[in-house]
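Q: Test case, fold it:
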Amino acid sequence: MSTQNQSQCQQKSYHKQPTGLAATTAANHSREMDLKLYGSCFCPFVQRVWIALELKGIPYQYIEVDPYQKPESLLEVNPRGLVPALRHGDWGCYESTVLVEYLEDLNIGPSLLPGDAKLRAHCRLWTDHINRNIVPNFYRVLQEQDQQKQISNAQELQNRLNQLITVANAQGPFFLGPDISLVDVQIAPWILRLSRVLKPYRGWPDPEKGSRWAAWVNAIESNQHIKATTSTDQLYMDSYERYSQNRPNTSQVANAINAGMGLP
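A: Predicted coordinates:
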């Protein structure tokens, strides 16, 4: 077998079923329900919505789909075939930030937004910062093959994280203080992937002990609802290898980053 063929055989692929605690949660929510979440176990955008469902205790059905082999049931909700997607009765919608706010608007379970209008705007402003600046830079660090550019991209990501940390409640441990909120849900999947993906593939450093960032990361990692939607480390290592090698047609997100465009 040629070296190229051996390399191709050794390449890891994305997982098609959750593992660990996420597998248990998916199994516990496999029964037919009016509210359905179409998701993929490795997708951080899906995990946002999944965390919100768990936090709020809203009854739902979890449906694992392969976004590279788009089932008709997913295309009926999102013609682009992207996850996450929600079907609620005969209505469907997509885009993770929109879906999390939809769940908030159902007024079921704990609120993810504070009652004060100014604080709500504050949360939405920094949610936008996460979507515009932190998420794309995460992928730029991971996909870049040039080591010097990796370093500069990592510094940019760190700068964007520092901006968020600076405006967070000083005592924490979450963004607004002791209770988890919308901003925490929005960034949690990428906080998890810093240690599970960027650390092994790009040497991302652990939080400095005793820092505000370390307290925030620990709070995210320890939250029972976030843990319930998190698979084993190996799932993320395997599923993100293709990003770290910047393989062609890895995903629409990867293609957008390579093209210098916004997230799809």
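Q: only C-alpha atoms for contact and neighbour calcs from this point on.
A: Noted.
Q: I'd assumed R160 was in contact with N133.
A: Yes - between N133 and R160 there is a contact under CA atoms under 8 Å: 6.5 Å.
Q: Give the residues shared as contacts by these two.
A: By CA atoms under 8 Å, 6 or more residues apart in numbering, N133 and R160 have no common neighbours.
Q: in the stretch 51-200 of the chain, which spans are helices?
A: Along the stretch 51-200 of the chain, counting by DSSP state H, counting those that start in this stretch, helices occupy 72-77, 96-105, 117-129, 135-143, 147-167, 182-193, 199-202.
Q: To A259, which of those helices lies closest?
A: Comparing the helices of the stretch 51-200 of the chain against A259 with CA to CA, the closest turns out to be helix 135-143 (11.0 Å).
Q: and the angle from the closest one to helix 117-129?
A: 30 degrees (axes from the mean of the first three to the mean of the last three CA atoms, to 10 degrees).
Q: Could you export helix 135-143 as CSV, CA atoms only?
A: Extracted C-alpha coordinates of helix 135-143, given in CSV (Å, rounded to 0.1, in the frame of the first residue of the first chain):
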residue,chain,number,x,y,z
VAL,A,135,-16.3,31.4,16.7
PRO,A,136,-14.7,32.3,13.4
ASN,A,137,-11.3,32.7,15.0
PHE,A,138,-11.6,29.3,16.6
TYR,A,139,-11.8,27.8,13.2
ARG,A,140,-9.1,30.0,11.8
VAL,A,141,-6.7,28.7,14.4
LEU,A,142,-7.7,25.1,13.8
GLN,A,143,-7.7,25.1,10.0
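Q: Now do that helix: which elements does it pack against?
A: For helix 135-143, the packing partners by 3 or more CA pairs under 8 Å, 6 or more residues apart in numbering; DSSP states H and E come out as helix 147-167, helix 199-202, helix 241-244, helix 252-258.
Q: helices or strands next to the longest one in the packing?
A: Right, helix 147-167. helix 135-143.
Q: What angle do helix 182-193 and the helix it packs on make with each other?
A: Using the same axes, to 10 degrees: helix 135-143 against helix 182-193 is 0 degrees.
Q: Can you check what angle separates helix 135-143 from helix 147-167?
A: Going by the same axes, to 10 degrees, helix 135-143 is angled at 150 degrees with respect to helix 147-167.
Q: And helix 135-143, how far out from the chain middle?
A: Between the centre of helix 135-143 and the centre of its host chain there is 13 Å, according to CA atoms, centre = their mean, to the nearest Å.
Q: And the contacts of that helix?
A: The contact list for helix 135-143 (CA under 8 Å, 6+ apart) reads 150-151, 153-154, 156-157, 190, 198, 201-202, 243-246, 254, 257, 262-263.
Q: Mind giving me the ChimeraX command for buried ones among those?
A: To isolate the buried members of the contacts of helix 135-143 in ChimeraX, using 16 or more other CA atoms under 10 Å:
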select :150,153,154,156,157,190,198,201,202,243,244,246,254,257
